[in-house]
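S.K.: Below is the sequence, then the predicted model.
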Amino acid sequence: MRTSEAVYNATWCRRLKLTSQNVLDKPCPHARQTYHITNSSVSEMFSVALLAVCLLFGLLYLWYKNEKRKYADLDKLPGPTPHFFYGNALEFGNNIIESFSNIERLFNTYGPILRIWQNGIRLSVFVVDPDIVEYFLSSNVHIKKSAGYDLYQPWLGQGLINNTGELWRKHRKILTPAFHLKILEQFSDSFHKAGHVLIQKLKQQEGKDIDIYKFIILYAMDAICDSSMRIDVNAQETGDTTYIDAVKRFLEIYLTRFFSIFNKYEFFFQFAPEYKQYREDIEYLQSFTRKVIEQRKHERATNPVQEETDEFGRRKRKKVFLDILLDSNSMTDQEIREEVDTFMFGGHDTISSTISFALFELAKYPDLQEKLLEEIEAVVGVDKEEPITLRHLNDMGLMDRVVKEVLRLYPAAPLIERELEQDLILNGLKYPKGTTISFHFYIQHRRPELFPDPTKFDPDRFLPENVASRHTFAYVPFSAGPRNCIGQKYATINMKITIANILRNFEVYPVVPAHTPILANDAVLKSTNGLPIKLKLR
Ligand code: HEM
């Protein structure tokens, strides 16, 4: 026994009228008692802790079972065997090429509607069945985007692509007039102006193997900035790809995070090696937009007249997209910045990808090119400088079918998602609130049941008689229903004018040996190994 303890016990024994002799000669009852109290409190504490842990695990287990039970019906859908913790998250691979081809494999294995456990307790339904696609996309209730869209937020904030509910309704209402045909009509000037530079740049590439995407993306930057914000960024002249590169890196990380188990959470992702660059890119992209807005505000303040002339049409131009936001008076500076970022994102990459795929496909079909040229010349005339108007485009049936067929084979937005905000019963299955519905347009557009001989490039699929016999929701490159693409008309006009201008100036050839694109989805469908073609001046 230690001295201090003996003194302590002796004191207590005196108080209890025992002699120190008794205390010190015999085993002291208090000393024993003290020892026993310590021992039992540790074991008691241990038991309580154990009980608490068991209880916690028990509760977690019950919660896990309960969460899983919500999906009892949907779990009956075909799909790969899930792991209890990470579900089917490992099915997608580690990069955008793997995830793209793995999704195709899943549909080939399990059919047009399958279930994927995102983790142990959250389930997604993947669909390429037009009936189910119609049910969800045409709904006014199921308009909420899935949690995956939150990954856009660091860049796009609460812009139109991300937001939902009342905020979405308010912004959609403010923005819709910006895409009125009257406004779009003026945009053809911008497409011609930027297109003129594109043709000059392409002339310097005559006879060479070129990746056409690299030229079109700079063109699209000039076109979107001029048409919707009336700002000259001169991307084609300067060859400055800083903005484009930052978008590319952001989107690649976006899709990798989308399918990752941990990195989709900022808490984990902040430790990833690419995090610093990611943050710098976002800062660059947002400061670019802030500058554009400030520039426009300054111009409006110094030159309040809303009508301008330009070197091409000398037309009087009215409000553009950014003016409508600035005039709305019901949006904060941050909301305006987020919508401009959203339009920059929606407006340049999708269009560039589609125009590039169109030229890549047309290069393989010289007869089709000739027919298109005949159509263009019959409608617009043989003068290559004659601007193509919306009225001209209305008379170009073949061009319309070609662009539609390109978007069938290469839908620029190949995957979109919704998250259910309430329970529903569909085809006898309960879809609980929180279920993610994934629509895979790339796979759907290549289903042989919907498009026979699906890999064949055949614009005649869009002849009226062929369209009439198809499900209305078999072909949905711009989505459909209340949350369809607000930029659909803008995109179509831009793409048709650009393709027509290139065909008026060049014959397009494939490279030798033939090139097979390796496709991937980084939110926009891309060829990861480029889209090489050859041009010959007409
Ligand atoms: C080939 C070109 C394009 C394709 C294939 C395309 C496709 C789509 C698709 C499929 C959606 C639905 C997204 C979803 O539900 O998650 C969408 C939405 C959207 N698109 Fe496009 N898009 C294109 C061009 C454009 C352009 C040029 C702009 C803007 C100038 C634009 C702006 C938007 C916006 C803001 C939304 C969100 C609409 C909303 O939720 O209310 N898009 N687009």
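M.R.: Yep, it's here. Numbering: from 1, shown residues only.

S.K.: what about Tyr64, how many neighbours?
M.R.: Look at Tyr64: counted by other CB atoms under 10 Å, it has 15 neighbours. For the C-beta atoms, the positions are set from N, CA and C on the backbone; glycine is no exception.

S.K.: Now do the same for it: its pLDDT.
M.R.: Per-residue confidence (pLDDT) for Tyr64: 85.

S.K.: What is the subsequent helix or strand relative to the one helix or strand it maps to?
M.R.: Using DSSP states H and E, Tyr64 maps to helix 29-70. The first helix or strand that comes after helix 29-70 along the chain, using DSSP H and E, is helix 96-110.

S.K.: Report the mean per-residue pLDDT for that following helix.
M.R.: 95.

S.K.: Can you list the helices and strands that that helix packs against?
M.R.: For helix 96-110, the elements it packs on are strand 113-117, strand 123-127, helix 242-258, helix 441-444, strand 519-521, judged by 3 or more CB pairs under 8 Å, 6 or more residues apart in numbering; DSSP states H and E.

S.K.: how about these in a markdown table, adding distance to the ligand, mean pLDDT and mean neighbour count?
M.R.: Putting the helices and strands packed on helix 96-110 into a markdown table (distance: least, CB to the nearest ligand atom, whole Å; pLDDT from 0 to 100; neighbours: other CB atoms under 10 Å) gives the following:
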| stretch | distance to the ligand | mean pLDDT | mean neighbour count |
| --- | --- | --- | --- |
| strand 113-117 | 18 | 97 | 22 |
| strand 123-127 | 14 | 97 | 23 |
| helix 242-258 | 13 | 90 | 19 |
| helix 441-444 | 7 | 98 | 22 |
| strand 519-521 | 12 | 94 | 21 |
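
S.K.: how about the one residue in the chain that gets nearest to the ligand, what does it touch?
M.R.: Closest residue of the chain to the ligand, CB to the nearest ligand atom: Gly487 (2.2 Å). Residues near Gly487 by CB atoms under 8 Å, 6 or more residues apart in numbering: 179, 343, 346-347, 350.

S.K.: Can I get those in CSV including neighbour count, pLDDT and distance to the ligand?
M.R.: Putting the contacts of Gly487 into CSV (neighbours: other CB atoms under 10 Å; pLDDT from 0 to 100; distance: CB to the nearest ligand atom, whole Å) gives the following:
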residue, neighbour count, pLDDT, distance to the ligand
Phe179, 18, 87, 8
Phe343, 26, 91, 5
Gly346, 23, 88, 3
Gly347, 22, 84, 3
Thr350, 24, 96, 4
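
S.K.: Quick check: the farthest pair among those?
M.R.: Largest separation among these by CB to CB: Phe179 and Thr350, giving 14.6 Å.

S.K.: Identify the residue nearest Tyr149 in space, chain neighbours excluded?
M.R.: Asn162 (5.0 Å; CB to CB, 6 or more residues apart in numbering).

S.K.: in which helix or strand would I find the one you found?
M.R.: Counting by DSSP H and E, Asn162 is found in no helix or strand.

S.K.: Could you check how far it is from Gly530?
M.R.: Applying CB to CB, to the nearest Å, the value for Asn162 to Gly530 is 30 Å.

S.K.: what does Glu375 give?
M.R.: 29 Å.

S.K.: same thing with Glu91?
M.R.: From Glu91 to Gly530 the distance is 28 Å (CB to CB).

S.K.: Averaging pLDDT per element, find the lowest-scoring helix or strand in this protein.
M.R.: One helix or strand of the chain scores below all others by mean pLDDT, DSSP states H and E: helix 20-25, with a mean of 42.

S.K.: wait, Ala474 sits on Gln444?
M.R.: Yes - using CB atoms under 8 Å, Ala474 is in contact with Gln444, at 7.2 Å.

S.K.: what's the distance between stretch 186-194 and the middle of its chain?
M.R.: 27 Å (CA atoms, centre = their mean, to the nearest Å).

S.K.: just use 15 as the starting number from now, easier for me
M.R.: Happy to do that; since the first residue is 15 now, the last one works out to stretch 200-208.

S.K.: what's the helix holding Tyr78 packed up against?
M.R.: Using 3+ CB pairs under 8 Å, 6+ apart: helix 43-84 touches helix 17-29.

S.K.: show me where pLDDT drops low in this structure?
M.R.: 15-52, 318-332 (pLDDT under 70).

S.K.: Show me where it has its strands.
M.R.: Applying DSSP state E to the chain gives strands spanning 127-131, 137-141, 223-225, 429-433, 438-440, 443-445, 450-454, 520-524, 533-535, 539-541, 546-551.

S.K.: so which of the ones you listed is the most packed in?
M.R.: strand 539-541 (a mean of 25; mean count of other CB atoms under 10 Å).

S.K.: Point out the residues in the stretch 315-464 of the chain that sit beside the ligand.
M.R.: 356-357, 360-361, 364-365, 368, 421, 425-427, 430 (CB under 6 Å from any ligand atom).

S.K.: What about Ala315, how many residues nearby?
M.R.: Neighbours around Ala315, by other CB under 10 Å: 8.

S.K.: what does Leu73 give?
M.R.: 10.

S.K.: Check the one 4 residues further on too.
M.R.: The burial count assigned to Trp77 is 11, neighbours taken as other CB under 10 Å.

S.K.: Could you measure from it over to Lys84?
M.R.: For Trp77 relative to Lys84 (CB to CB), the value is 11 Å.

S.K.: And for Val354?
M.R.: In terms of CB to CB, Val354 sits 39 Å off from Lys84.

S.K.: Compare the two and say which is more crowded by neighbours.
M.R.: Taking other CB under 10 Å, Val354 and Lys84 do not tie; Val354 has more neighbours (24 against 19).

S.K.: which residues touch the residue nearest to Glu251 when sequence neighbours are not counted?
M.R.: Nearest residue to Glu251 in three dimensions, chain neighbours excluded: Val211, at 6.7 Å (CB to CB, 6+ apart). With contacts defined as CB under 8 Å, 6+ apart, Val211 is in contact with 233, 236, 250-251.

S.K.: need those residues in a markdown table with neighbour count and distance to the ligand, can you?
M.R.: Shown next, in a markdown table, are the contacts of Val211 (neighbours: other CB atoms under 10 Å; distance: CB to the nearest ligand atom, whole Å):
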| residue | neighbour count | distance to the ligand |
| --- | --- | --- |
| Tyr233 | 27 | 13 |
| Asp236 | 24 | 14 |
| Gln250 | 21 | 18 |
| Glu251 | 13 | 22 |
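
S.K.: Among the residues you listed, which ones are in helices?
M.R.: Using DSSP state H, the subset of these located in helices is 233, 236, 250-251.

S.K.: Quick one: the residues you listed as TSV, columns for distance to Arg552 too.
M.R.: Shown next, in TSV, are the ones in helices among the contacts of Val211 (distance: CB to CB, whole Å):
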residue	distance to Arg552
Tyr233	19
Asp236	24
Gln250	21
Glu251	24
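
S.K.: Identify the residues contacting the residue nearest to Glu375 when sequence neighbours are not counted.
M.R.: Nearest non-adjacent residue to Glu375, counting by CB to CB, 6+ apart: Phe471, 5.0 Å away. Residues near Phe471 by CB under 8 Å, 6+ apart: 375, 378-379, 419, 423.
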